Structures are given as C-alpha cells and as structure tokens.
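J.: coordinates only, no sequence provided:
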DNA sequence: GTGTTTCTATCTATCGATAGGTAGATCATC
DNA sequence: GATGATCTACCTATCGATAGATAGAAACAC
C-alpha cells in the first residue's frame, strides 16, 4: 500500500503544503516540480494525473491524522483528555504548519473536485466523526440519555475546529483558535 | 457607492456563484463571460482586474449578508430570536443556494488571495463577530459576569456555522447543518 | 563473468487548451 | 459627434498531459 519511493514522498510533502495554502484548484504540477527540483513531466511519472496526486495527498493526510489521535476507547485516557488531544491536533496543523487543515480546504472546494479527491476528503470527515462519536459515547451525559445527540455533537466539534482554523487565519489572529477551542471545551466536555 | 449598471450586477452575480463553488483560484474571466453571454474583454471593462472583481464580490456579499441580519440591539427581538435568524441566514446560503458561504471559501484560500480580496473577507468576519457580540452581550449570562467570553463565544458561533457548511457539503448531507446548529442553540442560547 | 535485456527515473520538447490582460475597431444612444 | 459598452483579435504565460530519448541500475542468459 504505502511503499512509496523517497521521491514520491517528497512530491506528496510539497503537494500537501501547496494544496493547504492555495487549494486544489490553485496548485500546479509545475509548482510541485519546481519546489522538489525536478521537471513537471517527472511528477507525472509518479502520479499520472492531478486527481491521482490530490487523492493520494488526501488519503495520506487522513491516515496520518487519525493515527496520531490514538484509540478513542483507550481506557487509560479519559474522554476529556482525548478531546483535548483532538483539539491539539488541529492546533498543531494551524500553528506549527501555519496552514489550513488539508481536508477543510478540500471541503470548501468540494463542488469542483474530481470524484477521487472528493471521496478522500469525505473519508477524512467520516473517520473524524466516528472517532469523536466513540469518545463522546463514553461520557456520563451520553450514557445517561439521548444517543441521537452523540453524532450531532461529534459533527459540531468537527465543524467548530475546521471553522476555527478559517476564522483565525482570516483575522490573522492565531490566538482566536484557542479562544474558540476554550468555548468548545467548556460547552461539551464539562458535562462528562 | 453601489450604483452599478445592470450588466455589472449580472457579472457580480455570476462571479459570486462561481467563487462559491470553485473558489477564487478556480474561477476565470472566461467562465464569467460565458455565463453572462458576453466576451471576457467586456468583463475587464467593468472590472479591470480579477482582484477588483473578487473584492467587489466579497464586499457586496458582506453588505447584503449583514444587512439581512437586522439590528442586533433591536429591543423587539430577544437574543435567542436573533441567533436563530443568524443561523437561518447561513442555512439559506447552504440549502437555497446550494453553495458555500462566499467568505468561508475565501477564508480557506486566504493564504493565496490578493490583498484587496483578503481584506474584504476579513471585513466580513469582523462584522459578523461584532454583530454576534452585540447580541450576546444582551444575554443574562453576559450581564452576570465575564466580558471576555462574549467575544470568544461570538468567534465560536461564527466558526461553527462556517465549519458546518463545509462538513454538511462534504458529507453530502445538508441535514447535518441543522444537527450542528441544534447543538449550537442548546449550548449557547439556552443560558439566556 | 560477460553480454543482453529490462526497468527506473529523469530529461527535452511539445501538444492543445486556457489563463489574465490589452489595443483598437464598432455600435448604439443621446 | 461624443460617450459608454461591447466586440474582434491578439499577447504572453501557464495549465495538465504526452511522446520520445537518455542514463544508469538491476535482472537475466549463457
């Protein structure tokens, strides 16, 4: 599956950074090639079409991201700690990388993406919601009652962190991400 | 200010729809011209550069959007009703138009936008936050205590609805927007 | 071991299409 | 006949993608 050559990995790294700042519609094979130090034809050798490259970037990003979250059912981690880790993962993408979440960017462009790329972005969101549902279902509030709202709350958390990245970046105040995250924590996690 | 010719308005309408589905980097003068039924050179007559057109689209969108929200201090409207109206405005953009929020899209692309366009998107968000702060400051919770969190909660509401549009569109389930909005209402408005 | 073939990764060169933008002619309206 | 709006025609630059060549490493045949 993921036995990529060093060069292919290099290309994926560069492409990911470009998509996360300029969007799928805004990056080109020549941009990627120039940053890697090869010709655009060589990029086509590793990834035949732009859709192939975009989809692979998205798949790799999703795998890495979900992997870093750890197991949502880990009995050693209380739900509040897992939620904090979830928020920290997005915070890292924003502050450390200084970029948008890749799939948040793709989600905004969803109406004009090749099907493979759109599907990869959709998969990222589905896996995020599933992870959050698993965490939220362990809270006291969830055990006490309504199962319907577990999915709704998972969707809300995902939407809020994705939106927070956009707002913080647009207002040029990275600290706004933390302000929004604090509201999230107060509203959802304090009831556990 | 806004004494545009019918043709200019037509161009702005088409450009807005294109930016909201393909992003600023993904639309072209030729796309706009073809949809209007004129040549791309004629679009340049009305809007000299792409940045001019993009910025004007964003300004018009922001004006129209904020205008539709009404006065946040209107004594006849309780804060809960105003918040419901706020969410309905985004819901309308998503369900009726079937498109992203224009400035949510621009916010995602913010790292690769001309300064005029980026500034217009930033202005949209600032006006949204100001409107929400005005509403939230009228709630009982706000009057009782902490003024710091009013801004934080305003940012969180904006982030959540922007993110909700992206998530609902990517998962191809418009109903998810309403699920997220319901969580928002429960968490923030029930304390008033 | 040597010679032959195949594979990998890259190159140069080019394709048709499209990008944003410009110059100058044309047409209509007043 | 002047003004506003649109046109034709074009420019330079770039897009995604392909073709054909090349150099070197690996695999194979004997």
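T.: Nice, thanks for sending it over. If you're wondering where the values come from, they're calculated on a predicted model, not measured in any experiment. Numbering: from 1, shown residues only, chains lettered A, B, ... in the order given.
J.: ok, now which ones touch residue A:47?
T.: Neighbour list for residue A:47: A:8, A:11, A:53, A:56 [criterion: Cβ atoms under 8 Å, 6 or more residues apart in numbering or on different chains]. In this view, the C-beta of every residue, glycine as well, is placed from N, C-alpha and C.
J.: for the residues you listed, which one is nearest residue B:121?
T.: For the contacts of residue A:47, the residue nearest residue B:121 by Cβ to Cβ is residue A:53; the value is 27.7 Å.
J.: I'd like the next helix or strand past the helix or strand of chain A with the lowest mean pLDDT.
T.: Ranking every helix and strand in chain A by mean pLDDT, DSSP states H and E puts helix A:140-144 at the bottom, with a mean of 66. Toward the C-terminus, helix A:140-144 is succeeded by helix A:148-170 as the next helix or strand (DSSP states H and E).
J.: how far is the helix or strand that comes right after that next one from where the chain is centred?
T.: Downstream of helix A:148-170, the next assigned helix or strand under DSSP H and E is helix A:175-184. Centre-to-centre, helix A:175-184 and its host chain are 18 Å apart (Cα atoms, centre = their mean, to the nearest Å).
J.: report whether helix A:175-184 contacts chain B.
T.: Yes - using Cβ under 8 Å from any Cβ of the partner chain, we find that helix A:175-184 touches chain B at A:176, A:179, A:180, A:182, A:183, A:184.
J.: which elements pack onto that helix?
T.: Applying 3 or more Cβ pairs under 8 Å, 6 or more residues apart in numbering or on different chains; DSSP states H and E, one finds that helix A:175-184 makes contact with helix A:79-95, helix A:148-170, helix B:148-170.
J.: give me the buried positions along the first one.
T.: Buried residues in helix A:79-95, counted by 16 or more other Cβ atoms under 10 Å in any protein chain shown: A:79, A:82, A:83, A:86, A:87, A:89, A:90, A:91, A:93, A:94.
J.: where does chain A dip in pLDDT?
T.: For chain A, applying pLDDT under 70 flags the ranges A:1-3, A:140-148, A:188-192.
J.: now do the same contact list for residue A:86.
T.: Residue A:86 makes contact with A:69, A:131, A:132, A:135, A:157, A:161 under the criterion Cβ under 8 Å, 6+ apart.
J.: would you list those in JSON lines and tack on neighbour count?
T.: Output for the contacts of residue A:86, formatted as JSON lines (neighbours: other Cβ atoms under 10 Å in any protein chain shown):
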{"residue": "A:69", "neighbour count": "17"}
{"residue": "A:131", "neighbour count": "21"}
{"residue": "A:132", "neighbour count": "24"}
{"residue": "A:135", "neighbour count": "29"}
{"residue": "A:157", "neighbour count": "26"}
{"residue": "A:161", "neighbour count": "26"}
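J.: residue A:46: which of those is nearest?
T.: Taking Cβ to Cβ as the measure, residue A:46 lies nearest residue A:69 of the contacts of residue A:86, at 28.8 Å.
J.: number of nearby residues for residue A:22?
T.: By the other Cβ atoms under 10 Å in any protein chain shown criterion, the neighbourhood of residue A:22 contains 21 residues.
J.: how about the contacts of residue A:86, which pair is most distant?
T.: A:135 and A:161 (13.7 Å).
J.: does the helix or strand encompassing residue A:56 come close to DNA strand C?
T.: For residue A:56, the element it lies in under DSSP H and E is helix A:50-69. No - taking Cβ under 7 Å from any atom of the strand as the criterion, helix A:50-69 and DNA strand C are apart, separated by no less than 12.1 Å.
J.: by how many degrees do that helix and helix A:79-95 diverge?
T.: Helix A:50-69 and helix A:79-95 are oriented at 140 degrees to each other (axes from the mean of the first three to the mean of the last three Cα atoms, to 10 degrees).
J.: what sits up against helix A:50-69?
T.: So helix A:50-69 is in contact with A:2, A:11-12, A:15-16, A:19, A:24, A:29, A:32, A:43, A:47, A:82, A:85-86, A:89, A:102-103, A:106, A:113-117, A:119-121, A:123-124, A:127-128, A:131, going by Cβ under 8 Å, 6+ apart.
J.: can you narrow these to ones near DNA strand D?
T.: Counting by Cβ under 7 Å from any atom of the strand, the members of the contacts of helix A:50-69 near DNA strand D are residue A:29.
J.: give the contact list for residue A:125.
T.: A:103, A:107, A:158, B:167, B:170, B:171.
J.: SS state for it?
T.: Three-state assignment for residue A:125 (DSSP: H, G, I helix; E, B strand; the rest coil): helix.
J.: can you select the buried ones among the contacts of helix A:50-69 for me in ChimeraX?
T.: To isolate the buried subset of those in ChimeraX, counting by 16+ other Cβ under 10 Å, use the following:
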select /A:11,12,15,16,19,24,29,32,43,47,82,86,89,102,103,106,113,117,120,121,123,124,127,128,131
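J.: looking at the contacts of helix A:50-69, which are in helices?
T.: Among these, the ones falling in helices (DSSP state H) are A:11-12, A:15-16, A:19, A:29, A:32, A:43, A:82, A:85-86, A:89, A:102-103, A:106, A:115-117, A:119-121, A:123-124, A:127-128, A:131.
J.: returning to what we had before: among the residues of helix A:175-184 next to chain B, who's most crowded?
T.: residue A:180 (28 neighbours).
J.: and the contacts of residue A:47, which is closest to chain B?
T.: Nearest to chain B out of those is residue A:53 (Cβ to the nearest Cβ; 16.6 Å).
J.: and the closest one, how far is that from residue A:100?
T.: 18 Å (Cβ to Cβ, to the nearest Å).
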